[in-house]
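Colleague: below are the sequence and a predicted model for it; my questions follow.
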Amino acid sequence: MSEGAKNGAFPVAASEPGADAREVTRQRVVEAAADLLAREGRDAVTTRAVAAAAGTQPPAIYRLFGDKDGLLEAVLEHGHATFLATKHRDTHPEDPVEDLRTGWDLAVEFGLANPELYALMYSDPQRGTASAAFQAGMQILLGRIRRLAAGGWLRVDEKLAAALIHATARGAVLTWLSLPEDQRDPALLTTLRESMVAAVTHEQPVVQDAGLADAARTLQALLPGQTTLSGAEQHLLSEWLDRLAADG
């Protein structure tokens, strides 16, 4: 039996009456692999080493995950679930811009605290994006962005805002980890965060009162200066904005 199993680091089926034995074993293997990854790096995550750490046999890993890549995919999903559990959810923050900073800092801190896991999660941009935990985390981020938009703070469209936030957070973590320890200046993280805030948000909300009618009036005032819409489109949009402004 592995040290992890002896010390109770990983749950065993006997301690969970009624639990599905296969799922309990699967979770134990994923946690053992994640622990090896964190302590010794990706090269240490072999089927033999993981099986020994989880108190099972290598054939069980192949039955549960197919191969080593399948196991790493499960560890990646475990990483997204772990990250999701750390995320702060405040649907009515006093300061949406400060809430954005808090979320960005949390993402960066998670990456710096879990470098090997973070590298696995984000080394392939498309890998893991379909997992339920990743999608739930995206909804939290999109909620932050939507509150910025509703309050008149958002400088760019919502999709671009999400991309900028992700790009600066991932870039901050990966750049920091690539530097020798004596060259890691905290100003790098602060500067990247504030650059993101400046790119994504206005210094002051463009609509002071975040009501729908006020937003409509702001757009009405800006509409004559734009050239993208045709005359008919401008006329139709103006009618809609008139009705929204009147409702206020």
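Modeller: Structure's in. What do you need?
Colleague: and the chain, what are its domain boundaries?
Modeller: Domain segmentation of the chain under automatic domain parsing yields 3-66, 80-200, 212-247.
Colleague: report the distance from the second one to the chain centre.
Modeller: Read that as domain 80-200. When distances are taken as Cα atoms, centre = their mean, to the nearest Å, domain 80-200 is centred 6 Å away from the chain's centroid.
Colleague: tell me the mean pLDDT over that domain?
Modeller: Taken as a whole, domain 80-200 carries a mean pLDDT of 90.
Colleague: what about it, how long is it end to end?
Modeller: The first and final residues of domain 80-200 sit 25 Å from each other (Cα to Cα, to the nearest Å).
Colleague: got a list of what the most centrally placed residue in the chain touches?
Modeller: Here the mean C-alpha position of the chain is nearest to the C-alpha of residue 137 (Cα atoms, centre = their mean), at a distance of 4.9 Å. Under the criterion of Cβ atoms under 8 Å, 6 or more residues apart in numbering, the neighbours of residue 137 are 80, 83, 84, 87. (C-beta placed from N, C-alpha, C; glycine too.)
Colleague: sorry, back to before: just send the domains of the chain back as a markdown table, with distance to residue 74 too.
Modeller: Written out in a markdown table, the entries for the domains of the chain read as follows (distance: least, Cβ to Cβ, whole Å):
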| stretch | distance to residue 74 |
| --- | --- |
| domain 3-66 | 5 |
| domain 80-200 | 10 |
| domain 212-247 | 45 |
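Colleague: ok, now which ones touch residue 79?
Modeller: Residue 79 makes contact with 34, 114, 117, 118, 120, 121, 128, according to Cβ under 8 Å, 6+ apart.
Colleague: for the residue lying closest to residue 44 once chain neighbours are set aside, pull up the helix or strand it's in.
Modeller: With Cβ to Cβ, 6 or more residues apart in numbering as the measure, residue 36 is the residue that lies nearest to residue 44, at 5.1 Å, once sequence neighbours are left out. Assignment of secondary structure by DSSP states H and E places residue 36 within helix 21-40.
Colleague: now do the helix or strand following that helix against helix 21-40, angle only.
Modeller: Scanning forward in sequence from helix 21-40, with DSSP H and E defining helices and strands, the next element found is helix 47-54. Direction vectors for helix 47-54 and helix 21-40, defined by axes from the mean of the first three to the mean of the last three Cα atoms, to 10 degrees, enclose an angle of 110 degrees.
Colleague: just to revisit the earlier point, for the residue nearest to the centre of the chain, helix, strand, or coil?
Modeller: For residue 137, the reduced secondary structure class is helix; criterion used: DSSP: H, G, I helix; E, B strand; the rest coil.
Colleague: show me where the chain has its helices.
Modeller: Counting by DSSP state H, residue ranges of the helices within the chain are 3-6, 21-40, 47-54, 58-65, 68-86, 96-113, 115-122, 132-150, 158-178, 186-200, 212-222, 231-247.
Colleague: and the longest one, which residues are buried?
Modeller: What it means is helix 158-178. When burial is assessed from 16 or more other Cβ atoms under 10 Å, helix 158-178 yields the following buried residues: 161, 162, 164, 165, 166, 168, 169, 170, 172, 173, 176.
Colleague: circling back: which ChimeraX command selects the buried ones in the contacts of residue 137?
Modeller: With 16+ other Cβ under 10 Å as the criterion, this ChimeraX line picks the buried residues out of these:
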select :80,83,84
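Colleague: so how far is stretch 63-81 from its chain's centroid?
Modeller: Distance of stretch 63-81 from the chain centroid (Cα atoms, centre = their mean) equals 19 Å.
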